[in-house]
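**Q** Provided below for reference: sequence and predicted model.
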Amino acid sequence: MTTDKTIGYRKGTQTAKLNSDKAIQETNSSSIVSKRSVERLYYPTARHSSENSLSLEDAHFFRYFVQKPQRRAPLINRGYWIRMEAVHTVVKQFLQSNPESRKVVVNLGCGYDPLPFQYLAKASTDRSKTIFVDADYPDLINIKVNKISESVDLLRVIGEQYNLNPFHSAVKLASASYYCVGCDLSNLADFEGALKACGVVREGWDWLFIAEVSLTYMNTEAADKVVQWASGVSRGKAQFALLEQILPAGADHPFARTMLRHFNRFNTPIKSVYKYPTVEDQINRFSSRGWNSVLCTDLQTFWYNHVSTEEKRRMEGVEHFDEWEEFFLFCQHYILLVAGTGNMTKSGQSGVSLRSSTVDGAWNIDTFDSPSLRRRWGAATSTSDSSIVYFGGLSPTTRLATSVLVTSKDAASFNIKSTTHPSPRMCHAIVDLAPEKFLMTGGRGSPAAPLSDCWIFNSCSNEWEQTTAMPSSRYRHAMATISPGRVVVFGGYFDNDSSSEWLLFDSESCTWTTLECEVMLGLRISPGFCWLGMYGILSGGFNRIGDIYEDSYRWSISGNRITLKLIQIGNDNLVRAAAQMAPWTEDSVLLVGGIKPCGLLQMNDSFKIINLTEMSTINIEFDNKEKFPMLIGCAIHVTKDREIVVAGGGAVCFSFGAYWNELAVVRPLALPKRQWTVVDEARNPLTIGSAASTSSREEKEIDSSITKSGSVAVGEIRVIESRSIEDWKEIHKAGIPVLIKSINVGSCTTTWTPDYLKDKVGFDRQVTVHVSKSTAMNFQAKNFRYELLPFGNFIDRVYGIKNHGNDSNELLYLRSLSAANPKSRAANLVEDFPEIASDFQLPPELKSFIGDKAFCSPLRISSPNVGMWLHYDVTANILVQVHGTKRVRLYRPSDVSKLSFPAGASSSLIPNVFDEKGGSIANVHPLETVMSPGDIIFIPPMWLHATLPLEPSISINVFWKDLESSLYSQGRDVYGNRDLKAYEEGRVLIKRISKSFEAMPADIRKFYLARLSDELRVMD
């Protein structure tokens, strides 16, 4: 099996070639770590040990070449799994064929791939008749040979009789069944000489050449010579297995653009894709160079035709996976080709021929800059013909709980007035419910955290109101309004045992009704779905293991019963999952984007009008394909003038990077271009000034933001912009909490993934964490324990990756301590986590404002849905959100007497201010917000606050002493929560005063103490 390296040369100067060769060899480091991640997760745990001589039959051989394993993201794991599986399928078939013949397997561009060891260790492999040859750059092969020679287990596999100084300068290791050859394949004569020296070029032997993403890095002419040479060198039967990239929709497709840019950026351009961009081109490439039999398919077709249902189901139990569209986009851009020198055969994948499809005139794509719309898997609905509201979705850093207004009207602001909002989510659904109202249902946080809550948005007042939840959680479902106030929900991820496929919501009674249907369609994820006035259309969708349904139905509703009628449109390009569907006329629908079950959806097939009366289709085609959007995870809106607005959308293009759509509007060329804009949700930003005193401004600014919710007044933390030190001086002087959104705080918001943190900090580093089964940790109640855990264990449990044998119901929270001396020194991110500290950067103006007053900077990492107790800090601080979302509630200092703070304590007795009881305390003045990555909250001294992460959360506090140093208490204070010196001394004096009254009768004592208390108040 190969890794991503070339084995040829690059034109240009010798220096340029050396630089290119080095860059290409370095791709091995990334790919081998990814394959090790797959090996650890997707293959059974191996029993192997050199100490007790257990069998190496099913050993994990990648472990010998990867010192620090990392768990890759599910999409990366799944992509590398299918690459590995495709190559193994070919190798297994080759080794099982012609059992009497001698066999040679040559891995061209092997890198550190342990494929020979995986087969030589199996009892089923006849070692006397099987030889493996690994070939790659000399420098890389030398490293591989060193790793092999240092491993007792690997030497056991190849046999005790091996030679590290063999008979040819290119042969670096030789044994009876395994050879390592360091050679540049641009010199085929030298490579063939090395093979002959190994004694493998013999008459009648069967050969298999493997090139997994290796030939494509060579100059195409040189790579083609390797293909031609391999067909004749064997002197017997030969096969060639090629796995590499293609461009099935050309270089303008968003996935292709992202992929090509990735390889170019790392000075490792892939080259054969330009000359051989399609399956058919690759077949012709081999059939014209001595290969009589050529079979070729993309990896999506391999997934459907060669991976069993049982294996797919097994994989679903390994890790949560909800990236089917992105997985198939990757698979559609990679091919597996198997060529042979035997009988003449040429075969490639093909779909059903198009049925009467005509082009609907000329169309154009207009794009508009829209950074705040760089989100996917949100949902949108129209507020008018020229405006839509888009809510939630996944941004480049996190899931969102905000909305944007997309409009062709002049709109200066978009103010959301609600005090309560839906939580951050993606994969939810939104439809028009009634005039000026729309309904949002379900969705998810992570794939393991589906939602059932439902909300109604009033587009007149711009307010959210929660309504009755669905009977059970679901996401990736479909919705359609069948009449004002009545909405049908179908499909999505849900529990088949407890949920109905079909539901009906009635807004008048705010109730959900289960609908009956004679035909059980089973779980359908992201189907095409819409209502045309008298009936609806349902088409395609995924099942749980990624298969795409190939049927379409006309559906209708009568009472509580759904009736389905199977329809035949006869066009393979209409069978899709994750497509957007919208009414076009009373008897036709618009189908946009999605994933086909066979082959990449071509750009000119991506917008298709289906006439349901004539059962015919009309294509919408474009000239400016360079602006073509990624039609995955987007929302669409059709205006009365037949503009098609594509809002949001994009995809993670495997390991090549993410692609984010700009706002795109598709229009007939005859229709003049309109200007569309995206207006961010706003919440009345605070104007910084100095006209009022601190105390009066506090009352004025807070009271103006308050709305009543039950018996408690809840305000919103004001959102501002800060650009200078002067701004921060005004923020600090005002003494009011403010929120600054989407600030650049360094690469941490994107790089601090679980794998990255475990790799950089170290899996085994010990950290002290809070552990509790309560969803509201409380310092006064001590409903948690402190536990010393390996950092990697802690991260796995926080993110739900692995429990490591612990109680899955336990919630964890890390507030970092000083690594040098946790009992006497305050936490300091730079000193305590130097491996990752440089990823975090305060805005320069804020850093300058704090200056040398900085006191401590703890790192906070928390499980989702575990609230932290209400408390106050004596020092000023900022809270910076790095990953995940976090609910934050603050109370003004004057509320302290109403919030159950024991004398001398900085933590409240209230179990949970976020629950119904804790949130209904009268005569207090809470402020609240939900933080997203890049958000900063300024928390002035003595402001009471509590937090509740809504998902796995990472944040950083920066505390600074903003008062004269003489005012602070002396002595040890590692947490920064010791009260000011005057208060601590005052408490001592109060005890003395109280003691001086002890000899008096109780009523007189109370009388005078009350008078002293009044005098203290007057002094304030």
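**A** Nice, I can see it. Residues are numbered from 1 along each chain as shown.

**Q** residue ranges for the helices of the stretch 201-350 of the chain, please.
**A** All helices of the stretch 201-350 of the chain, identified by DSSP state H, counting those that start in this stretch, fall at 220-233, 254-265, 272-275, 279-287, 299-306, 309-316, 324-332.

**Q** and those as CSV, adding mean neighbour count and mean pLDDT?
**A** The way it works is simple: take the backbone N, C-alpha and C, and place the C-beta from them, glycine included. Below are the helices of the stretch 201-350 of the chain laid out as CSV (neighbours: other C-beta atoms under 10 Å; pLDDT from 0 to 100):
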stretch, mean neighbour count, mean pLDDT
helix 220-233, 19, 95
helix 254-265, 19, 94
helix 272-275, 18, 97
helix 279-287, 20, 97
helix 299-306, 20, 95
helix 309-316, 12, 94
helix 324-332, 25, 97
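
**Q** determine which of the ones you listed approaches residue 63 most closely.
**A** Ranking the helices of the stretch 201-350 of the chain by proximity to residue 63 (C-beta to C-beta) places helix 309-316 first, at 20.9 Å.

**Q** which residues touch the closest one?
**A** 42, 78, 81, 321, 544, 545, 546, 547 (C-beta atoms under 8 Å, 6 or more residues apart in numbering).

**Q** which one of those residues is nearest residue 762?
**A** Within these, the smallest distance to residue 762 is 25.1 Å, found for residue 42 (C-beta to C-beta).

**Q** state the phi and psi torsions of that closest one.
**A** Torsion angles at residue 42 (phi, psi; degrees, to the nearest 10) stand at phi -100, psi -10.

**Q** just confirm it contacts residue 321, I think it does.
**A** No. Using C-beta atoms under 8 Å, residue 42 is not in contact with residue 321; the gap is 11.3 Å.

**Q** bridging residues for the nearest residue to residue 517 once chain neighbours are set aside?
**A** The spatially closest residue to residue 517, leaving aside those adjacent along the chain, is residue 562, at 4.1 Å (C-beta to C-beta, 6 or more residues apart in numbering). Under DSSP bridges, the beta-bridge partners of residue 562 are residue 517, residue 557.

**Q** which ones are touching residue 562?
**A** 488, 502, 515, 516, 517, 555, 556.

**Q** mind running it again at 6 Å?
**A** Contact partners of residue 562, counting by C-beta atoms under 6 Å, 6 or more residues apart in numbering, are 502, 515, 517, 555.

**Q** check whether the last one really touches residue 566, as I assumed.
**A** No. Under the contact definition of C-beta atoms under 6 Å, residue 555 does not touch residue 566, with a separation of 10.6 Å.

**Q** where do the strands sit along the stretch 551-700 of the chain?
**A** Counting by DSSP state E, counting those that start in this stretch, the stretch 551-700 of the chain has these strands, from start to end: 552-558, 561-567, 580-585, 588-592, 607-611, 616-619, 635-638, 644-647, 650-652, 658-660, 663-668, 677-680.

**Q** coming back round to it: who has more neighbours out of residue 555 and residue 566?
**A** When residue 555 is set against residue 566 and neighbours are counted by other C-beta atoms under 10 Å, the residue ahead is residue 555, at 21 against 9.

**Q** spatially nearest residue to that one (excluding sequence neighbours)?
**A** residue 536 is the one closest to residue 555 (C-beta to C-beta, 6+ apart), at 4.7 Å.

**Q** pLDDT score for that neighbour?
**A** Listed pLDDT for residue 536 reads 96.

**Q** returning to what we had before: can you pull the pLDDT of the residue nearest to residue 517?
**A** 97.

**Q** excluding chain neighbours, what is closest to residue 366?
**A** Closest residue in space to residue 366, ignoring its immediate chain neighbours: residue 665 at 4.7 Å, by C-beta to C-beta, 6+ apart.

**Q** verify the stated contact: the one you found with residue 645.
**A** Yes. The pair residue 665 / residue 645 is scored as a contact, 5.4 Å apart, by C-beta under 6 Å.

**Q** distance of the closest residue to residue 478 other than its chain neighbours from residue 267?
**A** Closest residue to residue 478 apart from its sequence neighbours, by C-beta to C-beta, 6+ apart: residue 529 at 3.4 Å. Distance, residue 529 to residue 267, using C-beta to C-beta, to the nearest Å: 46 Å.

**Q** more neighbours, these two?
**A** Higher neighbour count among residue 529 and residue 267: residue 529, with 26 against 14, using other C-beta under 10 Å.

**Q** please name the residues that touch residue 226.
**A** Residues in contact with residue 226 (C-beta under 6 Å, 6+ apart) are residue 185.

**Q** next one: stretch 388-402 to chain centre, how far?
**A** With C-alpha atoms, centre = their mean, to the nearest Å as the basis, stretch 388-402 stands 13 Å off its chain's centre.

**Q** now do stretch 295-313
**A** Its chain's average C-alpha position is 24 Å from that of stretch 295-313, according to C-alpha atoms, centre = their mean.

**Q** go on, stretch 439-458?
**A** Worked out by C-alpha atoms, centre = their mean, stretch 439-458 lies 18 Å from the chain centre.

**Q** about what we covered before: just list whatever residues bridge to the residue nearest to residue 555.
**A** Here residue 536 sits in beta bridges with residue 531, residue 555, going by DSSP bridges.

**Q** burial measure for residue 154, as a count.
**A** Residues lying near residue 154 (other C-beta under 10 Å) number 23.
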